[in-house]
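Participant: Structural data only, the sequence is not supplied:
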Ligand code: KDG
């Protein structure tokens, strides 16, 4: 409860927690509808987490009607974030990468080869650094209820096995709409193109792009294996998901309702990470049945890291040197 109280204080800065309002506000009398948008589909750990969130909230209060919209039905991540800022959509579960377009500090999570295992991910996100990053969202009319998990990103393509840096030369790789990812793949010799997740399968199918990079669960559950031939365990970036709520909605809730949503988001996030980790392990084994799997040797991985280093240096100031240093210290603890 103390953590939730501190969180409430951080989120209510710059806004008022009114109990009255007009229309669809939550005064505790009528049900408030919360629509949750996501780009991944109904097989995803994000969807499973959203169902868990709905179950937990609806077990604690009758104040909310929670609706889940997968596969970018309502909007892509970036568009959904803009709708939360306007108050025309209530919730979205995006990667942190599109959030960088609104809050540059979130680019810290796009720095390659930094978080390299799940234990470190949990330590960074569930500790003071993660709380600090969530606190940055309020200024953009967003509330980060909890850290969920997308996971370790790996490369697939339709052209040839990728086992060395040289194998990347000229490959048309789709990236999220995030300049750090674009620069990373350029530095590795590829030819990256930013694209919303919802356009990815068709673009791969039509050969507009050669490859993409996502966690194994997303690759499998999105059926990218139907339009790809090769997969490489690059593990180049760990991407968190955020359970975001519009601050315009948040400010209309009672403190009790805010605590319910916050605690449900954290509890459902623990479940989401568990499901994600199980699904990623299972998905890799299934992908190996249809795709040619390539491991990146430790020696070759060092070459990837060396080529990626200028990207880290280039964005350190844009992200904020203090944020990057704090992030690296949390990882090293
Ligand atoms: O809902 C999340 C997806 O839209 C997206 O963020 C997943 O990692 C992703 C990507 O590659 O866009």
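Facilitator: Cool, the structure landed. Quick caveat, the model's predicted, so the values are computed rather than measured.

Participant: What is the neighbour count of the residue of the stretch 151-300 of the chain found nearest the ligand?
Facilitator: Among all residues of the stretch 151-300 of the chain, residue 197 sits closest to the ligand, at 3.5 Å; criterion: CB to the nearest ligand atom. Just so you know, the C-beta spots here come from the backbone N, C-alpha and C atoms, and that holds for glycine as well. Counted by other CB atoms under 10 Å, the residues lying close to residue 197 total 23.

Participant: what does residue 228 give?
Facilitator: 23.

Participant: Got the phi and psi for it?
Facilitator: Note on residue 228: its backbone torsions stand at phi -130, psi 160 [degrees, to the nearest 10].

Participant: In contact with it, which residues are there?
Facilitator: The contact partners of residue 228, by CB atoms under 8 Å, 6 or more residues apart in numbering, come to 156, 157, 158, 204, 211, 212, 219, 291.

Participant: Same question for residue 273.
Facilitator: Taking CB under 8 Å, 6+ apart as the criterion, residue 273 is in contact with 45, 118, 122, 148, 149.

Participant: Looking at these, which two lie furthest apart in space?
Facilitator: 45 and 122 (15.1 Å; CB to CB).

Participant: more neighbours, these two?
Facilitator: Neighbour count, other CB under 10 Å: between residue 45 and residue 122, residue 45 has more, with 27 against 16.

Participant: before we move on, the earlier item: so which of the contacts of residue 228 is the most crowded?
Facilitator: When the contacts of residue 228 are compared by neighbour count (other CB under 10 Å), residue 212 ends up highest, at 29 neighbours.

Participant: Spell out which parts of the protein neighbour the ligand.
Facilitator: For the chain, the residues in contact with the ligand (CB under 6 Å from any ligand atom) are 38-40, 46, 77, 93-95, 150, 176, 197, 214, 239.

Participant: Would you check how far apart residue 274 and residue 218 are?
Facilitator: Using CB to CB, to the nearest Å, we find residue 274 at a distance of 17 Å from residue 218.

Participant: ok, the two, which is more surrounded?
Facilitator: Set side by side, residue 274 and residue 218 show unequal neighbour counts under other CB under 10 Å, the larger going to residue 218 at 30 against 14.

Participant: Figure out the helix or strand that the more buried one lives in.
Facilitator: Mapping residue 218 onto the secondary structure by DSSP states H and E places it in helix 216-221.

Participant: ok, and what's touching the helix or strand that comes right after that helix?
Facilitator: Along the chain past helix 216-221, the next helix or strand (assigned with DSSP H and E) turns out to be strand 230-232. Strand 230-232 is contacted by residues 154-163, 211, 216, 219, 287-288, 291-296 when judged by CB under 8 Å, 6+ apart.

Participant: For the buried ones among the residues you listed, write the corresponding PyMOL selection.
Facilitator: Selecting only the buried entries of these in PyMOL, with 16 or more other CB atoms under 10 Å as the criterion:
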select buried, resi 154+155+156+157+158+162+211+216+219+287+291+293+294+296
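
Participant: So which of the contacts of strand 230-232 sit within strands?
Facilitator: Taking DSSP state E as the definition of strands, the contacts of strand 230-232 contribute 154, 155, 156, 157, 211, 292, 293, 294.

Participant: quick one: which two of the residues you listed are the most distant?
Facilitator: Using CB to CB, the pair of these lying farthest apart is 211 and 293, separated by 14.2 Å.

Participant: tell me the average confidence for the helix holding residue 218?
Facilitator: For helix 216-221, the mean per-residue pLDDT is 98.

Participant: ok, now which ones touch the nearest residue to residue 52 once chain neighbours are set aside?
Facilitator: Spatially, and ignoring its direct neighbours in sequence, residue 52 is nearest to residue 268 (4.2 Å; CB to CB, 6 or more residues apart in numbering). Residue 268 makes contact with 49, 50, 52, 53, 56, 146, 148, 243, according to CB under 8 Å, 6+ apart.

Participant: Run through the residues that contact residue 181.
Facilitator: 97, 110, 175, 192, 194, 237.

Participant: can you put the residues you listed in CSV and add neighbour count, distance to residue 66 and pLDDT?
Facilitator: Supplementary listing: the contacts of residue 181 in CSV, determined by neighbours: other CB atoms under 10 Å; distance: CB to CB, whole Å; pLDDT from 0 to 100:
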residue, neighbour count, distance to residue 66, pLDDT
97, 26, 25, 96
110, 28, 30, 98
175, 24, 31, 98
192, 20, 36, 98
194, 14, 31, 97
237, 27, 30, 98
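
Participant: quick check: domain ranges of the chain?
Facilitator: Taking automatic domain parsing as the domain assignment, the ranges for the chain are 2-150+240-282, 154-237+283-332.

Participant: in the helix or strand residue 85 falls within, what counts as buried?
Facilitator: With elements taken from DSSP H and E, the one containing residue 85 is helix 77-86. By neighbour count on 16+ other CB under 10 Å, the buried set for helix 77-86 is 77, 78, 79, 80, 81, 82, 83, 84, 85.

Participant: Can you tell me what sits against that helix?
Facilitator: Under the criterion CB under 8 Å, 6+ apart, residues 37, 39, 74-75, 89-92, 94-95, 98-99, 101-102, 140-142, 176-177, 196-197, 244-248 lie in contact with helix 77-86.
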